[in-house]
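# turn this into a structure:
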Amino acid sequence: MKTGAVYIRVSTDMQVELSPDSQLKMIKQYAKANDIIISQKYTYVDEGISGRKAEKRPAFMEMIATAKAKPRPFDVILVWKFSRFARNREDSIVYKSMLKKECGIDVISVSEPIGEDKTSILIEALLEAMDEYYSLNLAEEVRRGMTEKISRGGVVVAPPFGYSIENGVYVPDDNATVVKMIFEKYLAGSGARTIATELNELGIKSTRGNSFGNRNIEYILTNITYTGKLRWNPNGKATTSHQYKSTEDTIIVDGKHEPIIDKDTFEAVQKKLAENKAKYPVRYQQRTTTYFFRGFVRCSACGATLVRAQTRSGDSLQCHNYSRGQCSVSHSITIRKLKAAVLEALERDINNPNTLNFDPRPSHGTNGTDADILLDKIKKEEAKLKRIREAYEDGIDTLEEYKVNKTKITHNIATLTDKLNSVSSNPSSFDIIDFKNKLLTIYDVVSRPDVSAEEFNSNLLEIVSKIEFNRTKNTVTITYKM
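Residues are numbered from 1 along each chain as shown. As a prediction, this is how the structure comes out:
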């Protein structure tokens, strides 16, 4: 008996034959015929979403994340057709391979049985190639239609912040005054981060209901739509959004909507943006750059990671959310000061080991003993027991089917429990003295004046789960791995 997850995707609500109910009905029939348990808990649906890119499908990505859990939550993923799983062969190969090799999970199309022999590989590849060809051809037709529509002043994208859409035309909404305020504040000298912070403190949300960041503000300040124009990138290439003339990659036309910002104000803002960019150039940093405390110091106000920020006084760290205007409390501190504070905290903890803060989560998986393996199997069976109960409550299984499945799984649990009781397991107990000695050894390394950032971080990460910096109290709190 296997347990299964269900993935359903529809591109538009006009595709009746691909409706969620139609897909689910066929999947349920297949599951019953092949002795697979499914439940509402592991049913994932993306509606009105293209299958071209996996990362743009939230339910799909949630399913993939769940599949990586230990113990494995389900054995197979059932889809109506392989095209529902992915219309992009690269995504299909990557995710199917990952699910198979890392998670032991197969993807099954209930309407496209391909068997298990060698030729099934060719058949599956052919189906995926046909799906991708259909998707690309459809995308070209849709793009051609949208280009023609916008050339006549028609709306082809969702309205930006400050507009709603009525009868195919953008209409200023209640947030139009906020857009005006953003332009006025920027011209008056406020920066994008400061404006974002003020909007968040007022409880104003973006179009998608999120807090504002400095990038949201910058996008609004450069969006030519607010002047009554429409902009369209038929090739999907990034372009400068405040340009007034069409280019090879961008179409700019007069829209039918009411402007929120006049042309003079908009151009004054573009001029000031250019001046500020020249005055305060962005200093790009390679992702591979290693620096002290990279990735494990947290802001006490919002919990975000402190990241490196270049300042006139030298290298420092700042709350990532504060830099984007999404945290109201600055946590700026130089790496030199933070390093001194952390070393002082380590000394204090070495002298008072009984007051240490420990992360309750295990820092590693099972140690591979027979007892651990049996416990893992028991957890999987218990998860199955819970799942068949959910399947019965969801109306997927009848009471009689539930009883039969419950008897099988209960018997498996009893057998595994008997084996567990007969296995000798001697897990090592946590010793605070041993931990103190290890902490002392690591302190000797990280406190060296010539220690490199890479050596400093790797040693601390052996025992440290996180470090919280409180700017208001000027304190650091270290949480250790058990």
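# so who does residue 318 touch?
Contact analysis of residue 318 by Cβ atoms under 8 Å, 6 or more residues apart in numbering lists 306, 307, 309, 330, 331, 332. Where C-beta positions appear, they are placed from N, C-alpha and C, glycine not excepted.
# and residue 269, by the same measure?
For residue 269, the contacting residues are 183, 186, 187, 221, by Cβ under 8 Å, 6+ apart.
# most widely separated two among these?
Maximum pairwise distance in these, criterion Cβ to Cβ, is 9.8 Å, between 187 and 221.
# between the two, which has more neighbouring residues?
Per other Cβ atoms under 10 Å, whichever of residue 187 and residue 221 has more neighbours is residue 221, with 23 against 14.
# could you measure from the more buried one over to residue 167?
Taking Cβ to Cβ, to the nearest Å as the measure, residue 221 falls 28 Å from residue 167.
# and residue 445, by the same measure?
Between residue 445 and residue 167 the computed distance is 68 Å (Cβ to Cβ).
# what is the mean pLDDT for stretch 156-166?
Averaged over stretch 156-166, pLDDT sits at 87.
# quick one: that stretch to chain centroid distance?
Mean-position distance between stretch 156-166 and its chain equals 25 Å (Cα atoms, centre = their mean, to the nearest Å).
# ditto for stretch 333-340
Stretch 333-340 sits 31 Å away from the centroid of its parent chain (Cα atoms, centre = their mean).
# how about JSON lines for the contacts of residue 269, with pLDDT added?
Putting the contacts of residue 269 into JSON lines (pLDDT from 0 to 100) gives the following:
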{"residue": "183", "pLDDT": "96"}
{"residue": "186", "pLDDT": "93"}
{"residue": "187", "pLDDT": "93"}
{"residue": "221", "pLDDT": "94"}
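# restricted to helices, list these.
Using DSSP state H, the members of these that fall in helices are 183, 186, 187, 221.
# which residues are in contact with the first one?
Under the criterion of Cβ under 8 Å, 6+ apart, the neighbours of residue 183 are 221, 261, 265, 266, 269.
# swap in 7 Å and give it another go.
For residue 183, the contacting residues are 221, 261, 265, 269, taking Cβ atoms under 7 Å, 6 or more residues apart in numbering as the criterion.
# wait, the second one sits on residue 225?
The one in question is residue 261. No. If you go by Cβ atoms under 7 Å, residue 261 and residue 225 don't touch, sitting 9.4 Å apart.
# circling back to that earlier point, and which of the contacts of residue 269 is nearest residue 47?
Residue 47 lies nearest to residue 221 out of the contacts of residue 269, by Cβ to Cβ, at 33.5 Å.
# how close does that closest one get to residue 179?
Using Cβ to Cβ, residue 221 is found at 10 Å from residue 179.
# same check on residue 82?
As defined by Cβ to Cβ, residue 82 lies at a distance of 44 Å from residue 179.
# same question, residue 228
Applying Cβ to Cβ, the value for residue 228 to residue 179 is 13 Å.
# what about those two, which has more around it?
A direct count of neighbours by other Cβ under 10 Å for residue 228 and residue 179 places residue 179 higher, at 21 against 18.
# which residues touch residue 94?
Per Cβ under 7 Å, 6+ apart, neighbours of residue 94: none.
# tell me which helix or strand comes right after the helix or strand harbouring it.
Using DSSP states H and E, residue 94 maps to helix 89-98. The helix or strand immediately downstream of helix 89-98 is strand 106-109, counting by DSSP H and E.
# pairing partners for that following strand, with directions?
According to DSSP bridges, strand 106-109 forms sheet pairs with strand 76-79 (parallel).
# now what about the partner strand, what contacts it?
Residues from elsewhere that reach strand 76-79 (Cβ under 7 Å, 6+ apart): 2, 4-7, 27, 30-31, 36, 38, 85, 105-110.
# off-centre distance for that strand?
Counting by Cα atoms, centre = their mean, strand 76-79 is centred 22 Å from the centre of its parent chain.
# still on that earlier bit, need the contacts of residue 269 in CSV with distance to residue 451, can you?
CSV is the format used below for the contacts of residue 269 (distance: Cβ to Cβ, whole Å):
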residue, distance to residue 451
183, 49
186, 44
187, 48
221, 44
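# domains of this structure?
Domain segmentation of the chain under automatic domain parsing yields 2-135, 152-279, 370-422.
# any idea which element residue 479 lies in?
Per DSSP H and E: residue 479 is located in strand 475-481.
# what of residue 322?
Using DSSP H and E, the secondary-structure element containing residue 322 is helix 320-323.
# return the helix or strand in this protein with minimum mean pLDDT.
Counting by mean pLDDT, DSSP states H and E, the weakest-scoring helix or strand in the chain turns out to be helix 119-151, with a mean of 60.
# after the longest strand along the chain, which helix or strand is next?
The single longest strand within the chain, with elements called by DSSP state E, is strand 36-47. Scanning forward in sequence from strand 36-47 by DSSP H and E, the next helix or strand is helix 58-67.
# against which helices or strands is that next one packed?
If contacts are counted by 3 or more Cβ pairs under 7 Å, 6 or more residues apart in numbering; DSSP states H and E, helix 58-67 sits against strand 2-10, strand 36-47.
# next, the angle from the last one to strand 2-10.
Pointing back at strand 36-47 there. Between strand 36-47 and strand 2-10, the angle comes out at 20 degrees (axes from the mean of the first three to the mean of the last three Cα atoms, to 10 degrees).
# now strand 36-47: buried residues?
Within strand 36-47, the residues scored as buried using 16 or more other Cβ atoms under 10 Å are 36, 37, 38, 39, 42, 43, 44, 46.
# without its sequence neighbours, what residue ends up closest to the fourth one?
Nearest residue to residue 39, sequence neighbours excluded (Cβ to Cβ, 6 or more residues apart in numbering): residue 390, at 3.7 Å.
# which two from the contacts of residue 318 end up farthest apart in space?
Across these, the longest distance by Cβ to Cβ is 13.3 Å; it joins 307 and 330.
# these two: who's more crowded?
A count of neighbours by other Cβ under 10 Å puts residue 307 above the other of residue 307 and residue 330, at 18 against 13.
# apart from its chain neighbours, what residue comes closest to the more buried one?
residue 320 (4.8 Å).
# ok, now which ones touch the one you found?
By Cβ under 7 Å, 6+ apart, the contact list for residue 320 reads 304, 305, 307.
# determine the number of other residues adjacent to the spatially closest residue to the first one that is not a sequence neighbour.
Using Cβ to Cβ, 6+ apart and skipping residues adjacent in sequence, the residue nearest residue 304 is residue 321, 4.2 Å away. Burial of residue 321, expressed as a neighbour count using other Cβ under 10 Å, amounts to 22.
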